[in-house]
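Undergrad: Requesting a structural model of the entry that follows:
(one chain, ligands or ions: 1)
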Amino acid sequence: MTHDVRTLDPDQLRSAHILFGSTIHRGPVDDEWWSRAATSYSPGRTVGIHDGGALVGTAMAFPSRLVVPGGGVLPMAAVTRVGVRADCTRRGLLSAMMRAQLDDVAARGEPVATLRASETRIYGRFGYGVATRGRDLRVRVGRPAWRPDAAQGGSVRLLDRDDIIPTLREVHEGIALTRAGSMTRQDSWWWGAIGRRVEDREPVIAAVHTGAHGDDGFAVAFRTDADSFSEQTLEVADLHAADMEATAGLWRFLLDIDLVSSVQAELRPLDEPLELLLSDPRACAVTGHHDETWLRLVDVPTALAARSYGAAEPVLLAVHDPLLEKNAGVYRIAGGGAERVAPLGSPMQPQLECDVAALAMAYLGDRSPSQLVATGWWRAHDGAAVHRADAAFTTSVTPWCGTHF
Ligand SMILES: CC(C)(COP(=O)(O)OP(=O)(O)OC[C@H]1O[C@@H](n2cnc3c(N)ncnc32)[C@H](O)[C@@H]1OP(=O)(O)O)[C@@H](O)C(=O)NCCC(=O)NCCS
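TA: Below you'll find the predicted structure:
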């Protein structure tokens, strides 16, 4: 069955917003809410499918930029608000929208697309793979004495409510776009994630860390609902830090606030070593692990050429991409870079082989080629090439985004 995927006009976006909301079990929005939410839609980037005049499927994207290993920055489509009306699911509507959207992203010259997945079984078939992950932490206050050697220095200042968004936007732009996996945020993101809660007069802690070279980190935390007066819990909504001194300074600040008995945070970087800074590492409990960024390499030659590689002898990697066949081919990857050297099926025999989703799992450095070979995501025709690929793809810093959208 074919579906007619159309780019929605501006006057259809509110219907798309309400449709998406209904698919994640949220009610319709009022005029005031819509006047703010409307600004998060980029012109010409929302698609829809109609049935009998009613909108029954939708998906959108907004332009962003993604940091790749080595510090390069690629234009990126941030895909979100994907939903199909409950009485129209499993008829191929999402598949039709995903194909149309990938073609559109490619035509716009955005080499990568990322999204956050409501369920893990949805997006792999469209070439998306998990490229960054995070862990949830809960730290009990009272027990976390800091190790004497734990990084310290700099100062922390609390922000007035009116200053929160402008200040954090500026600090984020200054520090966050260094780690592979991080992305730029649009203004509407700040309002949707933090600004609206501040406007709603929720209790908020928003603080900036200043180190030797200026502002180098920030944290935003809200109080959770299930609190007692003397044992309140803070939920970290956003925390970015340029270095270990800023990371430690912000966590110290949060954990020292009076009448707070625990601080919790979701999707923190896998390599944020909070427990190593505490004299009792068990005071920092890891309460969950989750996938964060789902990455689609839309233009594989451009994406592979954009990142840096560790010193390694060349590896020949065959990449399959049934949806965007121009990506298929044999790529030569070495310490000096990557390029396509042959089409699939040519006499040039690849040493390793994977599909585009499994390539995304290694692209930012989250998974090593040897892990992916051992678990069947990549296939190896030459065992020695696996170690060379590990050396090429390895990154010194674990990739992480820290922007939920
Ligand atoms: C997820 C969703 C968009 C899928 O839409 P859909 O139109 O049913 O998807 P399709 O019919 O194109 O499905 C394509 C394939 O993916 C599978 N699939 C789709 N959604 C799935 C899910 N949630 N769980 C398991 N499989 C799923 C289908 O079974 C189908 O497999 P097949 O080709 O082997 O038959 C829709 O179920 C939805 O709106 N869910 C609620 C909102 C949501 O989670 N949105 C995603 C936000 S990130």
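
Undergrad: show me where the stretch 51-200 of the chain has helices.
TA: 93-107, 164-175, 187-190, 196-199 (DSSP state H, counting those that start in this stretch).

Undergrad: Export those as TSV, with columns for mean neighbour count and distance to the ligand.
TA: (Glycine included, C-beta is placed from N, CA and C.) Shown next, in TSV, are those (neighbours: other CB atoms under 10 Å; distance: least, CB to the nearest ligand atom, whole Å):
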stretch	mean neighbour count	distance to the ligand
helix 93-107	19	3
helix 164-175	18	24
helix 187-190	18	16
helix 196-199	16	20
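
Undergrad: Now mean pLDDT too, for the ones you listed, in JSON lines please.
TA: Below are the helices of the stretch 51-200 of the chain laid out as JSON lines (pLDDT from 0 to 100):
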{"stretch": "helix 93-107", "mean pLDDT": "98"}
{"stretch": "helix 164-175", "mean pLDDT": "96"}
{"stretch": "helix 187-190", "mean pLDDT": "94"}
{"stretch": "helix 196-199", "mean pLDDT": "94"}
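
Undergrad: Provide a list of residues in contact with Ser40.
TA: The contact partners of Ser40, taken as CB atoms under 8 Å, 6 or more residues apart in numbering, are 62, 186, 188-189, 192.

Undergrad: Against which helices or strands is the longest strand anywhere in the chain packed?
TA: Taking DSSP state E as the criterion, the chain has its longest strand at strand 54-67. Strand 54-67 is packed against helix 13-23, strand 46-51, strand 73-84, helix 93-107, strand 112-115, with contacts defined by 3 or more CB pairs under 8 Å, 6 or more residues apart in numbering; DSSP states H and E.

Undergrad: now with 6 Å?
TA: Applying 3 or more CB pairs under 6 Å, 6 or more residues apart in numbering; DSSP states H and E, we find strand 54-67 packed against helix 13-23, strand 46-51, strand 73-84, helix 93-107.

Undergrad: Could you check the first one against the ligand for contacts?
TA: Yes - between helix 13-23 and the ligand, judged by CB under 6 Å from any ligand atom, the touching residues are Thr23.

Undergrad: chain center to that helix, what's the gap?
TA: Offset of helix 13-23 from its chain centre (CA atoms, centre = their mean, to the nearest Å): 23 Å.

Undergrad: In the helix or strand following that helix, which residues are buried?
TA: Where DSSP states H and E defines the elements, the next helix or strand beyond helix 13-23 is helix 31-37. The neighbour-count check on helix 31-37 (16 or more other CB atoms under 10 Å) flags Ala37 as buried.

Undergrad: do the same with stretch 46-59
TA: For stretch 46-59, the neighbour count (16+ other CB under 10 Å) marks 46-50, 55-59 as buried.

Undergrad: For those, give me a markdown table that also has pLDDT and distance to the ligand.
TA: Formatted as a markdown table, the buried residues of stretch 46-59 follow (pLDDT from 0 to 100; distance: CB to the nearest ligand atom, whole Å):
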| residue | pLDDT | distance to the ligand |
| --- | --- | --- |
| Thr46 | 98 | 14 |
| Val47 | 98 | 12 |
| Gly48 | 98 | 12 |
| Ile49 | 98 | 9 |
| His50 | 98 | 14 |
| Leu55 | 98 | 13 |
| Val56 | 98 | 9 |
| Gly57 | 98 | 6 |
| Thr58 | 98 | 9 |
| Ala59 | 98 | 8 |
